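Enquirer: I'll drop the sequence and a predicted model, then ask my questions.
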Amino acid sequence: MRERLEELRGEGLAAVEVASTEDDLREVEVGLLGRKGGITAALKALGKLPPEERPLIGQLANEVKVAIQGAIDVKRSTLGQAALSAELSGEGFDATLPGPALPGGGQHPIQAITRELEDLFLSMGFRIADGPEVELEENNFDALNIPTDHPARESHDTIWITPESQRQGDGRGVVLRTHTSPVQVRALREYGAPLRVVAPGRVFRQEALDATHEHTFHQMEGLVVDKGVGVGHMLHAMNTLIEGVMGRKLETRLRPGFFPFVEPGFELDARCPFCQDGCSVCKGSRWIELMPGGLVHPHVLESAGVDSSEYSGYAFGLGLSRIVMLRYGIDDIRWFMSGSLDFLRQFPA
Ligand code: DAH
């Protein structure tokens, strides 16, 4: 047994010595030390030896095992080093091969449409306005003719920053803006009249979430204030906008609608672009509700310091999220904020 073990040691070390690749090493390792290897077999056979010989032979078998494993480890690292330096020195390494392709990024569909619409409105002489997402109660509500006890506040499922116990009803509370309309007030105060702005951005509401309701979504506000502005101007801007988003003219109609910051107020519907005679998108009506708007309420002009006897204006609030859903046939608004790459990759740059 002793001789057999010494023989295995000699064989093993010699085999490691001549091994020139990782595969050779593996072979030695498995052949000697693996489950069916020679040394393993010797260790298993210990039990058949007379008891007094077992400790010594056992110790020897372990020594042989450790010696061979040690030699393999050393050789393995030498081979690895050699392979690396060969590669770095140019052998087997083609520096002219193209590198791995980097996956290209793309724009989020909301961002893409926002840019398109910004371009469209810039070309019509509008400016792009911006406002904070954390907004004063006064700009989000009061200055838009929605005072503290106005029922319209309830329809807005507001996410408050100011805790209920600290709200004074003085307009100084702080909210996550529930719509982009406060940018109307900010832009008017900053630039005065005459003015043409669009203001795209994120808005927030405390909603029960489902396929058409999300706590964070996107709108684009439009506001034009000048002398002699009327409903006809508003309708023209809205139709141009729809043509810009949907890529073609759609038949539209105005219905009366109520919003405290416009008078008169409207809802603009468009012919369902998906069917001739009713489908699930238009719920069989052949019309889809596209955007609200109206003539700016004199209170709004006055609260922003604009003389309402001299100026009038129109405003509209486009639901960007909704319009992107329509354009691409997206069936669930929650995709937009999901961060799902599978979703986003469908919109190449
Ligand atoms: N801000 C309103 C909302 O989010 C939408 C809206 C309605 C905006 C009428 C307007 C408008 O500018 O004129 O519910």
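Expert: Cool, the structure landed.

Enquirer: May I have the phi/psi pair for Glu269?
Expert: Quick fix: residue 269 reads Asp, not Glu. phi -110, psi 150 (degrees, to the nearest 10).

Enquirer: Same question for Thr252.
Expert: The phi/psi pair for Thr252 (degrees, to the nearest 10) is phi -130, psi 160.

Enquirer: any idea how far it lies from the ligand?
Expert: 16 Å (CB to the nearest ligand atom, to the nearest Å). Quick note: C-beta positions are derived from backbone N, CA and C, even for glycine.

Enquirer: excluding its backbone neighbours, what's nearest that residue?
Expert: Ala270 (4.9 Å; CB to CB, 6 or more residues apart in numbering).

Enquirer: what does the helix or strand where Ala315 lies rub up against?
Expert: Here Ala315 sits within strand 312-319, counting by DSSP states H and E. Outside strand 312-319, the residues within contact range by CB atoms under 8 Å, 6 or more residues apart in numbering are 117, 179-181, 184, 193, 195, 217-231, 233-234, 237-238, 241, 261-262, 268, 290-296, 301.

Enquirer: can you tell me which of these are in helices?
Expert: Counted as lying in helices by DSSP state H, out of the contacts of strand 312-319, are Leu117, Gln184, Val231, His233, Met234, Ala237, Met238, Leu241, Leu301.

Enquirer: which of those residues lies closest to Pro132?
Expert: Among these, Gln184 lies closest to Pro132 (CB to CB), at 14.0 Å.

Enquirer: per-residue confidence for that closest one?
Expert: On the pLDDT scale, Gln184 is placed at 97.

Enquirer: The chain should start at 80 in everything you say after this.
Expert: Okay, using 80 as the starting number, the last item reads as Gln263.

Enquirer: and it, how many neighbours?
Expert: Gln263 has 30 neighbours, counted by other CB atoms under 10 Å.

Enquirer: Right, and the ligand sits closest to which residue of the stretch 280-428 of the chain?
Expert: Residue of the stretch 280-428 of the chain nearest the ligand, by CB to the nearest ligand atom: Gly396 (2.4 Å).

Enquirer: The stretch 80-229 of the chain now?
Expert: Using CB to the nearest ligand atom, the single residue of the stretch 80-229 of the chain nearest to the ligand is Leu223, 7.9 Å away.

Enquirer: which neighbours does the helix or strand harbouring the residue nearest to Thr331 have in its sheet, and in what orientation?
Expert: The secondary structure element spanning Ala349 is strand 341-350 (assigned by DSSP H and E). Sheet pairing for strand 341-350, assigned by DSSP bridges, gives strand 331-335 (antiparallel), strand 366-375 (antiparallel).

Enquirer: what's the most buried one of the ones you listed?
Expert: Comparing the strands paired with strand 341-350 by mean neighbour count (mean count of other CB atoms under 10 Å), strand 366-375 comes out on top with a mean of 21.

Enquirer: And the contacts of that strand?
Expert: 263, 301-302, 304, 308-310, 313, 317, 320-321, 331-332, 336, 338, 340-352, 360-361, 391-398, 402, 405.

Enquirer: how far does the biggest helix by length in the chain sit from the chain's center?
Expert: Determined from DSSP H, the single longest helix within the chain is helix 133-167. The chain centroid and the centroid of helix 133-167 are separated by 51 Å, computed with CA atoms, centre = their mean, to the nearest Å.

Enquirer: what about Phe426, neighbour count?
Expert: With other CB under 10 Å as criterion, Phe426 counts 15.

Enquirer: The closest residue to it other than its chain neighbours - how many residues pack around it?
Expert: Leaving aside its sequence neighbours, Phe426 sits nearest to Pro188 (CB to CB, 6+ apart; 4.9 Å). Pro188 has 21 neighbours, counted by other CB under 10 Å.

Enquirer: my read: Pro188 touches Gly408, true?
Expert: No - Pro188 lies out of contact with Gly408 (CB atoms under 8 Å); the separation is 11.5 Å.

Enquirer: With adjacent residues omitted, what lies nearest to the residue in the stretch 180-329 of the chain positioned nearest to the ligand?
Expert: When scored by CB to the nearest ligand atom, the stretch 180-329 of the chain has His258 as its residue closest to the ligand, at 3.2 Å. Nearest non-adjacent residue to His258, counting by CB to CB, 6+ apart: Val282, 5.3 Å away.

Enquirer: What separation do you get for the one you found and Ser164?
Expert: Val282 sits 60 Å away from Ser164, going by CB to CB, to the nearest Å.
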